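Participant: Sequence first, predicted coordinates after that:
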Amino acid sequence: MLAFIIPVQSKATTPDWHEFSCLLNRCINSICNQNNTNFKVIVACHEIPETNFKNDYRVEFLQMKFSPPILTHLNQENLIVKRADKSKKLKVASEHALKMGFPYVMTVDSDDCISNKICDFVCKNADDSVKGWYINKGYLYTEGKKYSFLNLKNFNEVCGSCIIIKPDLIELLIDDLLYFNHERTIVNNEKLKPLPFPGAVYSMLNGNNIRLDKKELKKRTEFNLFKIRDIKTIIRRLKKYRIMPIKIIKSEFSI
């Protein structure tokens with residue numbers, strides 16, 4: 001019923017392959033913890049990572065036939081190249097899922113975790129008239145912390161693990177520059193439905209985020225209590241976020 005697609009970075013573009021593989025293991029484990037077992041995990045990769053799921057019938061490692069990306073010394077160019085590689089893997093894996101007969105696919109970044117209620121929800125609400133769903137509520141988790149922040153409004157704008165959609169529509173979310181627009185909620189003039197519960201945990205500062213690093217996080221979170229603009233920002237954040245201890249969501253998200 002539902003295929004979870006995980007686009008995996010090439011070994012040549014990954015700072016620490018072992019650490020990356022550990023995060024991927026956690027990600028796959030969170031998917032395989034679904035309450036409903038009517039799913040498949042498709043790992044779109046060049047090299048098969050170090051994983052405990054190589055012989056698991058629920059998990060398929062779909063190796064790409066196109067060449068892995070080549071990084072330059074320019075960070076901005078690397079960002080564009082990595083994004084394009086991710087989009088191409090999503091497209092190939094979605095076509096594969098369509099051929100296998102899956103009516104819906106969900107995009108999952110390899111370092112994130114998802115709710116164990118997602119597959120069951122999709123199976124109960126699947127309909128030809130429903131193009132899909134987007135996750136607008138989810139958790140932001142800085143690795144190693146004992147708490148997370150529940151984003152109540154626009155989780156899909158910050159995390160790529162947020163789209164559940166018919167596989168033939170994935171390519172419509174990829175623009176001319178091969179960027180996967182996970183922020184979009186309208187496809188073919190039809191709006192995707194918001195998932196009615198927090199659906200994913202966005203892992204931050206794990207060393208494998210394509211864009212978010214310590215410098216970027218600091219820029220997004222720093223403020224000055226004596227500036228009116230920053231005071232307004234604090235008020236907006238208090239309305240938008242809720243602190244949640246990790247132990248409360250650990251079982252649902254396998255984190």
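Facilitator: Done, it's in. Given the structure is predicted, the values throughout are model-derived calculations rather than measurements.
Participant: just for the stretch 1-150 of the chain, where's the confidence low?
Facilitator: By pLDDT under 70, the stretch 1-150 of the chain contains no weakly predicted segment.
Participant: List the buried residues in the helix ranked longest in the chain.
Facilitator: Longest helix in the chain by number of residues (criterion: DSSP state H): helix 75-99. Along helix 75-99, these residues count as buried under the neighbour rule (16 or more other CB atoms under 10 Å): 78, 80-94, 96-98. Where you see a C-beta, it was placed from the backbone N, CA and C, and this is true even at glycine.
Participant: What helix or strand is K153 located in?
Facilitator: For K153, there is no helix or strand it lies in under DSSP states H and E.
Participant: Would you agree it is in contact with N136?
Facilitator: Yes. In terms of CB atoms under 8 Å, K153 counts as a neighbour of N136; the distance is 6.4 Å.
Participant: the more surrounded of the two?
Facilitator: Neighbours per residue (other CB atoms under 10 Å) separate K153 from N136, with N136 holding more: 21 against 12.
Participant: wait, what's in contact with that one?
Facilitator: 153-156, 162, 194-195 (CB atoms under 8 Å, 6 or more residues apart in numbering).
Participant: For the stretch 51-200 of the chain, which segments count as helices?
Facilitator: Applying DSSP state H, counting those that start in this stretch to the stretch 51-200 of the chain gives helices spanning 75-99, 118-125.
Participant: closest one to D112 among these?
Facilitator: Among those, the nearest to D112 by CB to CB is helix 118-125 (12.3 Å).
Participant: roughly how far apart are the residue nearest the centre of the chain and H18?
Facilitator: With distances taken as CA atoms, centre = their mean, S161 lies nearest the centre of the chain, 2.1 Å away. S161 sits 22 Å away from H18, going by CB to CB, to the nearest Å.
Participant: mind listing what I163 touches?
Facilitator: Applying CB under 8 Å, 6+ apart, the residues near I163 are 106-107, 132-135, 156, 173, 182, 192.
Participant: For it, which non-adjacent residue is spatially closest?
Facilitator: Once flanking residues are discounted, I163 sits nearest to T107: 4.9 Å by CB to CB, 6 or more residues apart in numbering.
Participant: ok, the one you found to M244 distance?
Facilitator: Taken as CB to CB, the span from T107 to M244 is 23 Å.
Participant: These two: who's more crowded?
Facilitator: T107 (23 against 17).
Participant: Was I right to think that one contacts L169?
Facilitator: No. Taking CB under 8 Å as the definition, T107 is not a contact partner of L169, at 11.7 Å.
Participant: Wait, I246 touches G144, no?
Facilitator: No. Contact criterion CB under 8 Å: I246 and G144 do not qualify, at 10.1 Å.
Participant: Who has more neighbours out of those two?
Facilitator: Shown here are I246 and G144; by other CB under 10 Å, I246 has more neighbours (15 against 7).
Participant: How far off centre is the strand or helix carrying I31?
Facilitator: Secondary-structure assignment from DSSP H and E places I31 in helix 17-32. In terms of CA atoms, centre = their mean, to the nearest Å, the centre of helix 17-32 is set 13 Å apart from its chain centre.
Participant: just the angle between the helix or strand hosting I6 and helix 17-32, please?
Facilitator: Under the criterion of DSSP H and E, I6 resides in strand 2-7. Here strand 2-7 runs at an angle of 170 degrees relative to helix 17-32 (axes from the mean of the first three to the mean of the last three CA atoms, to 10 degrees).
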